[in-house]
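# starting from these lines, generate the structure:
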Amino acid sequence: LEKLGCRKVCFMADADVAAAAKAQGTTRAQASMDKAAALEGAVIVAVGNAPTALLRLRELIDVGKMKPALIIGVVNVVYAKETIMDAGVPYIVAKGRKGGSTIAAAICNALIYRLTRG
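You can find the predicted model right below:
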């Protein structure tokens, strides 16, 4: 990522995210997407294990609070992925019920390798 001038962030374990989720009666995944909406610049969102994150991301896209450069959505809930597929944003999904965090990580790694190693 350093070669590409990028950084990675994960908000799931942040205390403010946990507090926001508790206060709003939502999941940390949803609160993480709310926090991610404040990021500046091109953002790639990778979600492998939290369908509620993808659903919240779609809501944020629909109201104009977020427009990721790319969404990697590989959760095991078909509806959550289908919601992303018609959001008008570039995406990579594993169609059907396949998915998971290891798949999301593998896709991220493949993109990084492709960009840095040709």
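
# could you use CA atoms for every contact and neighbour count after this?
OK.

# verify the contact between Ser101 and Ile72 for me.
No: in this structure, Ser101 is not within contact of Ile72 by CA atoms under 8 Å, at 10.6 Å.

# now the strands for this protein?
Along the chain, counting by DSSP state E, strands occupy 44-47, 70-73, 91-93.

# only alpha carbons, please: show the first one as CSV.
I take that to be strand 44-47. The C-alpha coordinates for strand 44-47 follow below in CSV (Å, rounded to 0.1, in the frame of the first residue of the first chain):
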residue,chain,number,x,y,z
ILE,A,44,-12.1,1.3,-1.6
VAL,A,45,-14.4,-0.5,0.8
ALA,A,46,-13.9,-4.2,1.4
VAL,A,47,-16.4,-6.2,3.4
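
# and that strand, how far out from the chain middle?
Its chain's C-alpha centre and that of strand 44-47 lie 3 Å apart, by CA atoms, centre = their mean, to the nearest Å.

# what packs against that strand?
Strand 44-47 sits against strand 70-73, helix 101-117, with contacts defined as 3 or more CA pairs under 8 Å, 6 or more residues apart in numbering; DSSP states H and E.

# what does the last one give?
Secondary-structure packing of strand 91-93 (3+ CA pairs under 8 Å, 6+ apart): strand 70-73, helix 78-85.

# OK, contacts around the residue nearest to Lys98 when sequence neighbours are not counted?
With CA to CA, 6 or more residues apart in numbering as the criterion, Lys98 has its nearest non-adjacent residue at 5.3 Å, and that residue is Asn76. Contacts for Asn76 (CA atoms under 8 Å, 6 or more residues apart in numbering) come out as Asn49, Pro51, Gly96, Arg97, Lys98, Gly99, Gly100.
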